[in-house]
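In: Okay, predicted coordinates and the sequence, questions at the end:
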Amino acid sequence: MTTSFPRRTILATGTAALLTSGLTIPTSAQTLAPTPTMRGGANNYRPGAPIVDRIGGGGFLMTGTVLRAGDGAPIPNARIQMWAHTTEGHERDERSHGATLTDAQGRFQMDMPQIVPAFGQPHGHLAYDAEFDDNGFQTVFLRPIMSSASDTTLDVQFVLQQT
Amino acid sequence: MRGVIPWTALAIAVAAPIVAAGFSPLLQWRDGIYIASGFAGIFGMTLLLVQPLLAAGDLPYLSHARARRLHRLTGALLLAAVVGHVVGLWITSPPDVIDALTFTSPTPFSVWGVIAMWAVFAAALMAALRRGIAVRPMTWRRMHVSLALTIAVGTVTHVLLIEGTMETITKYGLSALVLLGALRIAPRLRPRRR
């Protein structure tokens, strides 16, 4: 997702500024804004899709980071579901869905079939659903668009707000 | 013999985008209903080239009365194509179509498609009720032509913003022809000078 770089830059710059000034004021918790749910993000979502090592035969790499709003701390063990129209199925198909958990750095990745343009755009869907996660953050649905249909990776960032 | 050339050109202009889309690599990853709804859309768009030519009486070998009857028939086909396009997409992904119809879709092209769809419905309704509605012929024509222009511009914008099964050259070619067709009938918004 294109917005991940500016956000990360802002975060990095903000953190660097805090470090150099030596300030540890609690207002720094306002620096990183939560990611809003995107229009159409929840379309064809399957609540509780199982955690899998890989979706189908793989070949396309979905990666991402899950951070806490405010201080930007990584969120481990966050359950992220992803799905798309791929070379192996439509969005509504069960086999097009899978979930994974973030590591200690708040990172996740999923090997999934190549995403192909559908409904006018090559795009993916990702969900953090509070119903299926015990970390206590608010639900967010994303619908990132690939800059090119020939891309074989897509990187996404979630910034979650505590409930 | 000369009259054959416009008809042949029209047949090529209609067939080329449909045939070219048949070679789209995207088709191999879509089920039958999704493929059919895409082709219904492309077919409907080709009719937008035929309609103004029939309305303006530009096609050779057709009497005015026959061109008019064909214009109505083609209009009915267009209506069927639009309904098939939307219903097929609905079956493929209901939430995406609901978003489009309620103007809450994240994709700007769907707004243009839905505007064109409503304009097709309105133009068809006007045609069906022609004798039943008490408006002056010039008013009727102005409304019908305005809807036709909305359909042409809405559809071309819809199509150009989509990354789908249409092949690039035929997509831009047909778009240009549809806009030229719209320009052909646009003067009909004003009364004809004698």
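Out: Ah, there it is.
In: Can you tell me, leaving aside adjacent residues, what's nearest to B:Ser146?
Out: Distance criterion C-beta to C-beta, 6 or more residues apart in numbering or on different chains; nearest residue to B:Ser146, sequence neighbours excluded, is B:Leu189 at 6.9 Å. C-beta here means a position set from N, CA and C on the backbone, and glycine is covered the same way.
In: who's in contact with the one you found?
Out: Neighbouring residues of B:Leu189 by C-beta atoms under 8 Å, 6 or more residues apart in numbering or on different chains: B:Arg142, B:Val145, B:Ser146.
In: Just name the closest of those residues to chain A, please.
Out: B:Ser146 (26.9 Å; C-beta to the nearest C-beta).
In: what are the ranges of the strands in chain A?
Out: A:60-68, A:79-84, A:97-101, A:107-112, A:124-128, A:140-142, A:153-160 (DSSP state E).
In: Now those strands in JSON lines, please, with extra columns for distance to chain B, mean pLDDT and mean neighbour count.
Out: Formatted as JSON lines, these follow (distance: least, C-beta to the nearest C-beta, whole Å; pLDDT from 0 to 100; neighbours: other C-beta atoms under 10 Å in any protein chain shown):
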{"stretch": "strand A:60-68", "distance to chain B": "13", "mean pLDDT": "98", "mean neighbour count": "22"}
{"stretch": "strand A:79-84", "distance to chain B": "11", "mean pLDDT": "98", "mean neighbour count": "25"}
{"stretch": "strand A:97-101", "distance to chain B": "14", "mean pLDDT": "98", "mean neighbour count": "21"}
{"stretch": "strand A:107-112", "distance to chain B": "14", "mean pLDDT": "98", "mean neighbour count": "20"}
{"stretch": "strand A:124-128", "distance to chain B": "11", "mean pLDDT": "98", "mean neighbour count": "25"}
{"stretch": "strand A:140-142", "distance to chain B": "11", "mean pLDDT": "98", "mean neighbour count": "22"}
{"stretch": "strand A:153-160", "distance to chain B": "15", "mean pLDDT": "98", "mean neighbour count": "20"}
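In: Dump these into a markdown table; add distance to B:Thr104 as well.
Out: Formatted as a markdown table, the strands of chain A follow (distance: least, C-beta to C-beta, whole Å):
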| stretch | distance to B:Thr104 |
| --- | --- |
| strand A:60-68 | 25 |
| strand A:79-84 | 20 |
| strand A:97-101 | 23 |
| strand A:107-112 | 27 |
| strand A:124-128 | 16 |
| strand A:140-142 | 14 |
| strand A:153-160 | 22 |
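In: closest one to B:Ile5 among those?
Out: strand A:79-84 (47.1 Å; C-beta to C-beta).
In: I figured B:Ser175 was touching B:Val159, is that so?
Out: Yes. Counting by C-beta atoms under 8 Å, B:Ser175 touches B:Val159, with 6.2 Å between them.
In: More neighbours: these two, which one.
Out: Ranked by neighbour count (other C-beta atoms under 10 Å in any protein chain shown), B:Ser175 and B:Val159 place B:Val159 first, with 24 against 21.
In: got a list of what the more buried one touches?
Out: So B:Val159 contacts B:Met45, B:Phe109, B:Met166, B:Lys171, B:Leu174, B:Ser175 (C-beta under 8 Å, 6+ apart).
In: What distance do you get for the fifth one to B:Pro94?
Out: Note on B:Leu174: its distance to B:Pro94, by C-beta to C-beta, to the nearest Å, is 29 Å.
In: Check the fourth one too.
Out: According to C-beta to C-beta, B:Lys171 and B:Pro94 sit 27 Å apart.
In: Quick check on the two: which one has the bigger neighbour count.
Out: B:Lys171 (21 against 13).
In: Now that one: which helix or strand?
Out: Using DSSP states H and E, the element containing B:Lys171 is helix B:168-185.
In: Give me the helices and strands touching that helix, please.
Out: helix B:4-21, helix B:32-56, helix B:137-160 (3 or more C-beta pairs under 8 Å, 6 or more residues apart in numbering or on different chains; DSSP states H and E).
In: Close to chain B: what parts of chain A are there?
Out: A:38-44, A:85-88, A:90-92, A:116-122, A:143, A:149 (C-beta under 8 Å from any C-beta of the partner chain).
In: A:Gln121: what's it in contact with?
Out: Applying C-beta under 8 Å, 6+ apart to A:Gln121 gives the contacts A:Ile145, A:Met146, B:Thr107, B:Glu163.
In: Same question for B:Pro6.
Out: B:Asp58, B:Leu59, B:Pro60.
In: wait, isn't B:Ala100 in contact with B:Phe109?
Out: No. With contacts counted by C-beta under 8 Å, B:Ala100 stays clear of B:Phe109, the gap being 9.1 Å.
In: Having no further points to raise, I will conclude here.
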